[in-house]
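Colleague: could you work out the structure for the sequence below:
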Amino acid sequence: MPAVIISDMWTGIPFQALLLLVGLLNVPLELKQAAATDGANRLQVFWHITLPSMRPVLLVVVILRLIESYRKFEGIQILTTGGPGIASTPLNLQIYNTGLEYQQVGYAASMGVVLILMIAISVGVVYLIAGRDSLGRRS
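Modeller: Have a look, this model is predicted:
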């Protein structure tokens with residue numbers, strides 16, 4: 001399992017870091033300067049200016065990471081084949097095994113529908129928790 005986690009971090013973190021860097025670069029410098037002029041320290045500027053300005057980017061990063069975690073297949077298939085036992089078997093690898101190795105295509109198709117519903121519900125929950133104003137709309 002540590003090998004799976006390390007390989008997942010190796011492939012996922014650069015893209016997330018790039019998105020967060022772009023989000024940081026898009027925070028208006030005028031707001032930071034105005035807060036510093038008003039006497040805000042670095043932590044206050046980050047908490048009250050930078051973080052709220054980055055909420056849309058953070059929401060996108062969290063949703064993309066969530067979807068990517070459901071899609072994780074090839075790394076686990078190559079590194080562990082879902083083992084030892086079924087310790088590192090995600091649902092999509094189980095769907096693959098059920099459909100292609102065990103020849104239960106109908107059961108695998110229904111598992112695929114459940115996976116899609118799980119992804120939709122997870123993304124919906126993240127969207128509701130983050131709030132609609134994270135995307136620039138007023139709720």
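Colleague: least confident secondary structure element in this protein?
Modeller: helix 74-79 (a mean of 85; mean pLDDT, DSSP states H and E).
Colleague: that one - contacts with which helices or strands?
Modeller: Other helices and strands packing on helix 74-79, by 3 or more Cβ pairs under 8 Å, 6 or more residues apart in numbering; DSSP states H and E, are helix 2-25, helix 91-96. (Each C-beta comes from the backbone N, C-alpha and C, glycine too.)
Colleague: so where is the chain shaky, pLDDT-wise?
Modeller: 132-139 (pLDDT under 70).
Colleague: please repeat the previous calculation with a cut-off of 50.
Modeller: Flagging of the chain using pLDDT under 50 yields the residue ranges 138-139.
Colleague: do you know how far Gly39 is from Val45?
Modeller: Distance of Gly39 to Val45, computed by Cβ to Cβ, to the nearest Å: 11 Å.
Colleague: look at those two and report which has more neighbours.
Modeller: More crowded of Gly39 and Val45, by other Cβ atoms under 10 Å: Val45, with 19 against 7.
Colleague: what sits against the nearest residue to that one once chain neighbours are set aside?
Modeller: Once flanking residues are discounted, Val45 sits nearest to Ala35: 4.8 Å by Cβ to Cβ, 6 or more residues apart in numbering. Neighbouring residues of Ala35 by Cβ atoms under 8 Å, 6 or more residues apart in numbering: Gln44, Val45, His48, Ile49.
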